[in-house]
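Novice: Dropping the sequence and predicted coords here.
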Amino acid sequence: MLYREAMRILGVSYGTLQRYVKKGLIRTYTYQVPKLRGKKNYWDEDIYALVGHKLQKKRGEREVAAYFRVNRRTRDGERTMLEQKGRVAGFCAARGIQIQRQYEDWASSIQADENGRPDWHRLLQDVMLGHVAILVIDTRCRISRFAWTEIEQLFRYHQCEIVVVNGVVDDPFYREEQSEDLARQIQALKMDRTLPA
């Protein structure tokens, strides 16, 4: 990753980032590809290892949680859920992070009611009650496709940090989910426009 992303993830200044490099805590190399040639790459693995260390120190009495979601309970959905849990577990294990609470839902990301996503509501309550210090998720869209910034700010307000394992959605199942959610959202907007004022 480039320096701006590394600084954002670690929550440090450029000077501190360079001190970590000098101490050997973060490895770097110079890009050779045309668009990034000459720019410095900071190793993702080293950045996230430092995040794991920082999060463990920050946690205190509160717990680390993980949230999992897929749109539907089908054979492909169940396979995707297992893969999602495996990626999060592997990410945490490699960084010495132990998950104490798990939440999972089988519903669309645009379904926000308590009946549709009961574990999402349990998680929200636990965050607001101060029980969760860290939430680990596979991708942002596990939580929401349309309100990520607002949710992230809400969690920060309650001193809960969200750690996203995968910044890019490349899973075909996730992409299919995204198409379905967008179609549902467009349909809902069309219905809203046809309702009398």
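Specialist: That came through fine. Residues are numbered from 1 along each chain as shown.
Novice: Look at the spatially most central residue of the chain and report its pLDDT.
Specialist: Residue closest to the average C-alpha location in the chain (C-alpha atoms, centre = their mean): V164, at 2.6 Å. Each residue has a pLDDT score; the one for V164 is 90.
Novice: Residues contacting stretch 134-142, please?
Specialist: 55, 58-59, 63-69, 84, 87-88, 91-92, 97, 99, 109, 123, 127, 143, 148, 155, 160-167, 169, 174, 177-178 (C-beta atoms under 8 Å, 6 or more residues apart in numbering). (Glycine included, C-beta is placed from N, CA and C.)
Novice: any idea which helix or strand carries E177?
Specialist: Assigned by DSSP states H and E, E177 falls within helix 172-194.
Novice: Restrict stretch 8-17 to CA atoms and write it as CSV.
Specialist: In CSV, the C-alpha atoms belonging to stretch 8-17 read as follows (Å, rounded to 0.1, in the frame of the first residue of the first chain):
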residue,chain,number,x,y,z
ARG,A,8,-4.6,6.1,7.8
ILE,A,9,-4.7,2.5,8.9
LEU,A,10,-2.1,3.0,11.6
GLY,A,11,-3.4,6.4,12.6
VAL,A,12,0.1,7.9,12.6
SER,A,13,1.9,10.8,11.0
TYR,A,14,4.3,10.5,8.1
GLY,A,15,7.3,11.0,10.4
THR,A,16,6.1,8.1,12.7
LEU,A,17,5.6,5.9,9.6
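Novice: In strands only, show me the contacts of stretch 134-142.
Specialist: Counting by DSSP state E, the contacts of stretch 134-142 place 63-69, 161-164 in strands.
Novice: Can you add distance to D76 and give the residues you listed back as TSV?
Specialist: Formatted as TSV, those follow (distance: C-beta to C-beta, whole Å):
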residue	distance to D76
E63	31
V64	29
A65	26
A66	21
Y67	20
F68	15
R69	14
E161	31
I162	26
V163	26
V164	23
